[in-house]
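Colleague: here is my input, please return the structure:
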Amino acid sequence: MPSPLEGSLQRRGKNRLKVGFNLFWRTFFLLALLLFGCTFAWLQTFRALEYEPRAIQTAHQIASLVNLTRAALVYSDAITRVSLIKTLADQEGVRILPREPVDRFVPYSSGALDQRVTEELIDQLGEGTTVASRVNDEPGLWIGFTIESDNYWLLLDPTRFSRVGGRTWLVWLVTAMALSLAGAALITRFINRPLKQLSRATRQVREGEYEAHRLDENARTSEIRAVNVGFNRMADQLAKIEQDRAIMLAGISHDLRTPLARLRLETEMSVADEDARNHMAADIQQLDSIIDKFLDYARPDHVDFKPVLLRDVIDACTYAVQDHDDMVIKVDVPADLRVMADEVELQRVISNLVENARRYGKSPDSGVAEVNIQAQANNDAVLIKVRDHGAGVAPALLSQLTKPFFRGDAARTSAAGAGLGLSIVAKNIERMGGTFALTSTPGRGLAAHIRMPRAAAPRPDVPPAK
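Modeller: Sure thing, here's the model as predicted:
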């Protein structure tokens, strides 16, 4: 059964699949559909407009050939007529044959264009003209005409007057569509390039890299130029705000150290009541811890990733609190399990989770915080789980716990923190390339799920890094 963290990652993967149809392909397919429709409509219109002129032109050519042949035969003697018929057959591919009453023929009307050509030929050559596609089982373009009461067949090669076939139209259509799709791809790429750059820059700003990507402020399009200028100014302002925030938090925290140190010294020297002195020292220690949280939260995002033994980090974090009476820690982590992380930042993450469990995860019955720390390898990742058995948190508040300065009801009643512990955990894990999620069942405790990149085990011939 998958863990809550794995379930969350699977849902994110499904969401990515749902939105994987990006703007480039959507624009490309819409343009391609439009161009395909326009090309098909143009093709149909061209065929309709080309149909009538081609039929008339074909009929005129055939009629002219028939009339010329008829005239040549009429005005030639018997010897010349035989020579003329032979010359037409050899050089022009035109055969003249006598038409017999017993000849069998098939009318030339296989298509709409053929019927139109036949009608035009009869109109130009007169009644009695016959147009056939086969005579006595011999295919061809046969024209039957009369010369001085003698009937003749004029046989032509039908390919000389054939219409444009479907294959030719298909070649034209494929060529037009290929050029149209290439043009659509170029236009779509040109249109979406500024949006892609803006999307990449937005993602980098969201991740805190304010200076990593600057948009072109000299773009030719006025609207794109205005967007780029506005985005760059916004990124500059956010970078300045982030820098000022870090400086302000660090400065305030640093400046508070001196008066707190004086207060602690004066408390030790001036307060005679030991119980009051201990309470005042505890309050000062709590303020000092809160200042440490502010400094941690304002820490720069520079980390050094290297293979780290997870068990060593957890042992270092639990060593200081394992003897406390109000806390019991159970660790189930393989000794050779390694993660790619910054060791100091990872210690800060585990320490914050352990401290959070100690403060707010105590069992209502025993008053002791029972904490379980587990880890296991999962392909190229390591899944870490830190769970307490306290009162838990309402599911509606889980998404709020990692926000800076937010504290749940238990934290508000104890007033022991600044509301930055889980925020620091989420921020540090994200910086180290991991993911962080919280689950809780009221009355059964809170569980923190961490997914970190897994580090490969060192080779036997390579000494461990120091």
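Colleague: can you show me the strands along the stretch 201-350 of the chain?
Modeller: With DSSP state E, counting those that start in this stretch, the ranges of strands along the stretch 201-350 of the chain come out as 306-309, 327-332, 338-341.
Colleague: as CSV, those strands with distance to E119, mean neighbour count and mean pLDDT would be great.
Modeller: In this view, the C-beta of every residue, glycine as well, is placed from N, C-alpha and C. Below are the strands of the stretch 201-350 of the chain laid out as CSV (distance: least, CB to CB, whole Å; neighbours: other CB atoms under 10 Å; pLDDT from 0 to 100):
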stretch, distance to E119, mean neighbour count, mean pLDDT
strand 306-309, 89, 18, 89
strand 327-332, 95, 15, 89
strand 338-341, 84, 24, 90
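Colleague: so which of those comes closest to A235?
Modeller: strand 338-341 (28.7 Å; CB to CB).
Colleague: what confidence value was assigned to the residue nearest to L256 when sequence neighbours are not counted?
Modeller: Spatial nearest neighbour of L256, chain neighbours left out: I291 (5.7 Å); criterion: CB to CB, 6 or more residues apart in numbering. pLDDT for I291: 70.
Colleague: tell me the domain ranges of the protein?
Modeller: Following the assignment in automatic domain parsing, the chain carries domains at 23-206, 303-453.
Colleague: compare the mean pLDDT across these and name the weakest.
Modeller: domain 23-206 (a mean of 76).
Colleague: all helices of the protein, in order?
Modeller: 4-18, 23-74, 78-87, 112-125, 166-206, 222-270, 274-297, 310-318, 343-360, 409-414, 421-431 (DSSP state H).
Colleague: will you turn the ones you listed into CSV that also has mean neighbour count and distance to A447?
Modeller: Below are these laid out as CSV (neighbours: other CB atoms under 10 Å; distance: least, CB to CB, whole Å):
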stretch, mean neighbour count, distance to A447
helix 4-18, 12, 8
helix 23-74, 15, 39
helix 78-87, 12, 103
helix 112-125, 18, 78
helix 166-206, 14, 27
helix 222-270, 13, 30
helix 274-297, 15, 22
helix 310-318, 19, 16
helix 343-360, 21, 10
helix 409-414, 14, 16
helix 421-431, 22, 13
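Colleague: out of these, which is closest to L446?
Modeller: Judging the helices of the chain by CB to CB, what sits closest to L446 is helix 343-360, at 7.6 Å.
Colleague: V135: neighbour count?
Modeller: 20 (other CB atoms under 10 Å).
Colleague: just list whatever residues bridge to it.
Modeller: Here V135 shows beta-bridge partners F105, E138, assigned using DSSP bridges.
Colleague: from memory it sits against D103, does it?
Modeller: Yes - V135 lies in contact with D103 (CB atoms under 8 Å); the separation is 5.7 Å.
Colleague: what do these two both touch?
Modeller: Residues touching both V135 and D103 (CB atoms under 8 Å, 6 or more residues apart in numbering) are W153.
Colleague: so which of the helices of the chain comes closest to H324?
Modeller: When the helices of the chain are compared (using CB to CB), the closest one is helix 343-360, at 7.4 Å.
Colleague: and the contacts of that closest one?
Modeller: 296, 303, 306, 308, 310, 313-314, 316-318, 321, 324, 326-327, 329, 339, 369, 371, 373, 386, 388, 390-391, 408, 410-411, 414, 416-417, 421-422, 424-425, 428-429, 431-432, 446, 448, 450.
Colleague: wait, Q197 sits on L215?
Modeller: Yes - shown here, Q197 and L215 form a contact pair, counting by CB under 8 Å, at 6.1 Å.
Colleague: how near is the residue nearest to L256 to V349?
Modeller: Using CB to CB, to the nearest Å, we find I291 at a distance of 19 Å from V349.
Colleague: list the contacts for I429?
Modeller: Applying CB under 8 Å, 6+ apart, the residues contacting I429 are 349, 435-436, 450, 452.
Colleague: also A448?
Modeller: Contacts of A448 by CB under 8 Å, 6+ apart are 353, 385-387, 425, 436-438.
Colleague: next step: those restricted to strands.
Modeller: Counting by DSSP state E, the part of the contacts of A448 found in strands is 385-387, 436-438.
Colleague: looking at those, which one is closest to P53?
Modeller: Nearest to P53, judged by CB to CB, of the ones in strands among the contacts of A448 is A437 at 73.3 Å.
Colleague: coming back round to it: now flag whichever of the ones in strands among the contacts of A448 is closest to I241.
Modeller: The closest of these, once distances to I241 are taken by CB to CB, is F436, at 24.5 Å.
Colleague: and the closest one, bridged to which residues?
Modeller: Here F436, judged by DSSP bridges, has bridge partners I450.
Colleague: count the residues that sit near it.
Modeller: 21.
Colleague: test my guess that it contacts A426.
Modeller: Yes - the criterion here is CB under 8 Å, and F436 meets it with A426 at 4.8 Å.
Colleague: and the pLDDT for the closest residue to N379 other than its chain neighbours?
Modeller: Leaving aside its sequence neighbours, N379 sits nearest to R454 (CB to CB, 6+ apart; 7.6 Å). We have a pLDDT of 91 for R454.
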